[in-house]
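# Fold the following for me, if possible:
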Amino acid sequence: MRRRRLPAPAVVAGAWLAGSVPFAHIAARRRGVDLRQQGRGTVSGSALYEVAGFGPLAAAGLCDVGKGAVGPLLAGRDRPVLAAVAATAGMAGHNWSPWLGGAGGRGVSVALGALTTQAWPGTVVLAVGLAAGRLSRQTGLGTLVAAVALVPVVARTHGRGAALAGAGLAGTMIAKRLAGNHPPAEPGWATYAHRLLFDHDPAPRPGRPAALREAA
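Just a heads-up that it's a prediction; the model follows:
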């Protein structure tokens, strides 16, 4: 007897809804902190670590990895294109969470969860990029290099369906880097190039507001 499968719209909607749950924000709010108003304004694991320490970071990070896997698992291995779309929907829900008024993180942890179920070498690529970036104190640049490398790696190891998932995840991650959670204080190509490369706005010029907000 053939197992009944969820229809594609339900899979995508479920992935987006799971992705939209802002675990880092919830953990920070338990400490009385709104990450959108803290430091650079990023709703991310690194921002959570700064205000709450390793324990809440680990718990929220595991939840973010888990929610990234929801869409691909609902789609199943026999629907790789749907799994790729669902993975992208989950990251979009995380990056532009409706519970945070469109704010969110970059979705690296969400991508790790999605790729674990579809193309594990992609998880390795992102993890190495993240680790190298943290060690060099250039996390934004490290994750960008990993995102660029993601598609060719998973295409070679797991085929077109994985490549589509990698492209959706990397593209959504880069789009959020550029959009940020706040408009830039000094709009222009140089600011957006800096966001793309380093995941935050450049230091303000003399006479400009001193606040430096990360595009996360």
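
# so where's the longest helix in this protein?
Identified as the longest helix of the chain according to DSSP state H is helix 139-179.

# Tell me who's in contact with G71.
Neighbouring residues of G71 by CB atoms under 8 Å, 6 or more residues apart in numbering: 11-12, 14-16, 18-19, 83, 85-87, 89-90, 114. Glycine gets a C-beta too; all of them are placed from N, C-alpha and C.

# Buried residues in the one helix or strand it maps to, which are they?
Element membership of G71, judged by DSSP states H and E, is helix 54-75. If you call a residue buried by 16 or more other CB atoms under 10 Å, then helix 54-75 has these buried ones: 56-57, 59-61, 63-75.

# what's the answer for stretch 20-36, then?
For stretch 20-36, a neighbour-count test (16+ other CB under 10 Å) marks 20, 22-25, 27-28, 33, 35-36 as buried.

# Would you mind writing the CA trace of that stretch as PDB?
C-alpha atoms of stretch 20-36 as PDB (Å, rounded to 0.1, in the frame of the first residue of the first chain):
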ATOM      1  CA  SER A  20       9.800  31.300  11.000                       C
ATOM      2  CA  VAL A  21      10.000  30.400  14.700                       C
ATOM      3  CA  PRO A  22      12.800  32.700  16.100                       C
ATOM      4  CA  PHE A  23      14.400  30.500  18.700                       C
ATOM      5  CA  ALA A  24      17.400  32.800  19.200                       C
ATOM      6  CA  HIS A  25      15.000  35.700  19.800                       C
ATOM      7  CA  ILE A  26      12.900  33.600  22.200                       C
ATOM      8  CA  ALA A  27      16.000  32.600  24.200                       C
ATOM      9  CA  ALA A  28      17.200  36.200  24.400                       C
ATOM     10  CA  ARG A  29      13.800  37.500  25.500                       C
ATOM     11  CA  ARG A  30      13.900  35.100  28.400                       C
ATOM     12  CA  ARG A  31      16.900  37.100  29.500                       C
ATOM     13  CA  GLY A  32      15.000  40.300  29.000                       C
ATOM     14  CA  VAL A  33      16.900  41.300  25.800                       C
ATOM     15  CA  ASP A  34      15.500  42.100  22.400                       C
ATOM     16  CA  LEU A  35      18.300  41.200  19.900                       C
ATOM     17  CA  ARG A  36      16.900  43.600  17.400                       C
END
